[in-house]
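K.L.:
kindly return the folded structure for what I paste below:
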Amino acid sequence: MPIYEYRCSSCGVQKDVMQKISDMPLTACPACGKPTFSKQLSAAGFQLKGSGWYATDFKSSGSKPESKSESAASSVGSTTPTAGGNG
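P.N.:
Modelled structure (predicted):
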């Protein structure tokens, strides 16, 4: 279940609330009781785990190895004439 950050615009109370995505947003402030309790826009708190992510595979090695798509992109820029080419 996600944790939502709420703030009351009347008394300034801030509270983190764990609720289902399908739950209706809270409106009544738990401190003052006024209907001015609303969700705040906050950064998502998630972590990428497992293999295949920069944080788990390349972060500690100091340098990121070149991937296949990067090596293909770098070779596209270099043109070398081949025998029997079009000109």
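K.L.:
only C-alpha atoms from now on, for both contacts and neighbour counts.
P.N.:
Noted.
K.L.:
distance of Lys39 relative to Cys29?
P.N.:
To Cys29, Lys39 is 11 Å away according to CA to CA, to the nearest Å.
K.L.:
show me which of these two is the more surrounded one.
P.N.:
Using other CA atoms under 10 Å as the criterion, Lys39 and Cys29 rank with Cys29 on top: 22 against 17.
K.L.:
ok, and the closest non-adjacent residue to the more buried one?
P.N.:
In space, and not counting its chain neighbours, Cys29 is closest to Phe37: 4.9 Å by CA to CA, 6 or more residues apart in numbering.
K.L.:
how about the contacts made by the one you found?
P.N.:
For Phe37, the contacting residues are Tyr6, Arg7, Cys8, Ser9, Leu26, Thr27, Ala28, Cys29, by CA atoms under 8 Å, 6 or more residues apart in numbering.
K.L.:
in the protein, where is pLDDT below threshold?
P.N.:
Low-confidence regions of the chain, defined by pLDDT under 70, span residues 45, 48, 52-87.
K.L.:
which stretches of it form helices?
P.N.:
54-57, 68-76 (DSSP state H).
K.L.:
just the contacts of Phe37 now: which is nearest Gly50?
P.N.:
Closest to Gly50 out of these is Tyr6 (31.6 Å), distances taken as CA to CA.
K.L.:
for Lys49, see how far away the residue lying closest to the closest one once chain neighbours are set aside is.
P.N.:
Leaving aside its sequence neighbours, Tyr6 sits nearest to Lys39 (CA to CA, 6+ apart; 4.4 Å). To Lys49, Lys39 is 28 Å away according to CA to CA.
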